[in-house]
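Q: Output the structure for:
(one chain, ligands or ions: 1)
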Amino acid sequence: MIYAMSDLHGCYDLYIKMLEKINLSDTDTLYILGDVIDRGADGIKILFDMMERKNVVPILGNHDYLAAFLLKKLKSKPTKELKQIFKDWLSDGGLVTYEAFKKLDDEDKKKVLDYLNSFLIFEELDTQAGHFFLSHTVPSKEKMMNFDDIDWRELIVGRAEYDTKYFDDKYIVTGHTPTALIDYTSKGKILEINNHIAIDCGAVFCGTLGCVCLDTLEKFYVTCVDDTSNSR
Ligand SMILES: [Mn+2]
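A: Numbers count the residues shown, from 1 in each chain. Here you go, the predicted model:
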């Protein structure tokens, strides 16, 4: 089976709970659509787990990208502009990642950076349920119609138009925007609308992690009741 989840944001316990819930086996594939780190406490711990699993395929989110970009520059003399980007990252959830990264030895630091640099930007695949395009987010329909011309960064920071069907014959699976912000009645649930499948249930904010099986479109949820590791 092929599964997708997203925006783990350091929620290690929910991640492990979900792997148990879907009973992920070696013959399954799990796509993680970005923003593994930042905000929640244990993003780096999740990265170390993911890199040991050959059947987990990471796709780049804006937080993963920014952390990789900044953490590899720690030893160089920062420009004023870089200092500001770094400061903004720390206050946008990066502080926990930075603190955890600093504690690693050089070998583990390299492992983390190499792994973050290996993340895919997007993936397209077919299953019994249909055709799928997977990325952290997507830009407007207009831009996606001219896919060869788009800047790859649009696939990590773009604003998806969930009220618009982009393709008749293809589902777009994205994270990045918690479903509660697309439609409040979808809070904590995966939202299927206009051939979009929005899978960021806002784990780090509301304590629910969602996962969709791309062979059956079945949805799975795990929640934490009072798990301090998942607090903001
Ligand atoms: Mn994001």
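
Q: On the pLDDT front, check the residue nearest to Ile193 when sequence neighbours are not counted for me.
A: In this structure, Ile193 finds its nearest non-sequential neighbour in Tyr162, 5.8 Å apart by Cβ to Cβ, 6 or more residues apart in numbering. No exception for glycine: its C-beta is placed from N, CA and C like everyone else's. With respect to pLDDT, Tyr162 has a value of 98.

Q: I'd guessed Tyr162 sits against Ile197; true?
A: No. Using Cβ atoms under 8 Å as the test, Tyr162 is too far from Ile197 to be in contact (10.2 Å).

Q: Which neighbours do these two have in common?
A: Common neighbours of Tyr162 and Ile197, counting by Cβ atoms under 8 Å, 6 or more residues apart in numbering, are Leu191.

Q: For the chain, which segments count as helices?
A: Taking DSSP state H to define them, one finds helices in the chain at 12-21, 43-52, 62-71, 80-89, 95-102, 106-117, 141-145, 154-157, 179-182, 203-206.

Q: Next, the angle from the fourth one to helix 95-102.
A: In other words, helix 80-89. Angle, helix 80-89 to helix 95-102, by axes from the mean of the first three to the mean of the last three Cα atoms, to 10 degrees: 110 degrees.

Q: Can you give me the buried ones in helix 80-89?
A: 86, 89 (16 or more other Cβ atoms under 10 Å).

Q: That one packs against which elements?
A: On a contact count with 3 or more Cβ pairs under 8 Å, 6 or more residues apart in numbering; DSSP states H and E, helix 80-89 meets helix 62-71.

Q: Check the first one too.
A: Here helix 12-21 is seen to pack against helix 43-52, strand 208-213, strand 219-223 when contacts are counted using 3+ Cβ pairs under 8 Å, 6+ apart.

Q: For the closest residue to Met145 other than its chain neighbours, give me its contacts.
A: In space, and not counting its chain neighbours, Met145 is closest to Tyr166: 7.8 Å by Cβ to Cβ, 6+ apart. Contacts for Tyr166 were tallied using Cβ under 8 Å, 6+ apart; they are 138, 141, 144-145, 172, 194-196.

Q: Provide the backbone phi and psi angles at Tyr166.
A: Dihedral pair for Tyr166: phi -80, psi -40, per degrees, to the nearest 10.

Q: Repeat that for Ile37.
A: phi -110, psi 180.

Q: How many neighbouring residues does it have?
A: The number of residues packed near Ile37 is 30, by other Cβ atoms under 10 Å.

Q: That one contacts His9, doesn't it?
A: Yes. Here Ile37 reaches His9: they are 7.2 Å apart, a contact under Cβ under 8 Å.

Q: Find residues that contact each of those two.
A: Contacts common to Ile37 and His9, judged by Cβ under 8 Å, 6+ apart, are 43, 63.

Q: What parts of the protein come near the ion?
A: Within the chain, the residues that sit near the ion (Cβ under 5 Å from the ion) are 35, 61-62, 176.

Q: Columns pLDDT and neighbour count on top of those, output as JSON lines?
A: What follows is the residues of the chain next to the ion, written out as JSON lines (pLDDT from 0 to 100; neighbours: other Cβ atoms under 10 Å):
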{"residue": "Asp35", "pLDDT": "98", "neighbour count": "29"}
{"residue": "Gly61", "pLDDT": "98", "neighbour count": "30"}
{"residue": "Asn62", "pLDDT": "98", "neighbour count": "19"}
{"residue": "His176", "pLDDT": "98", "neighbour count": "26"}
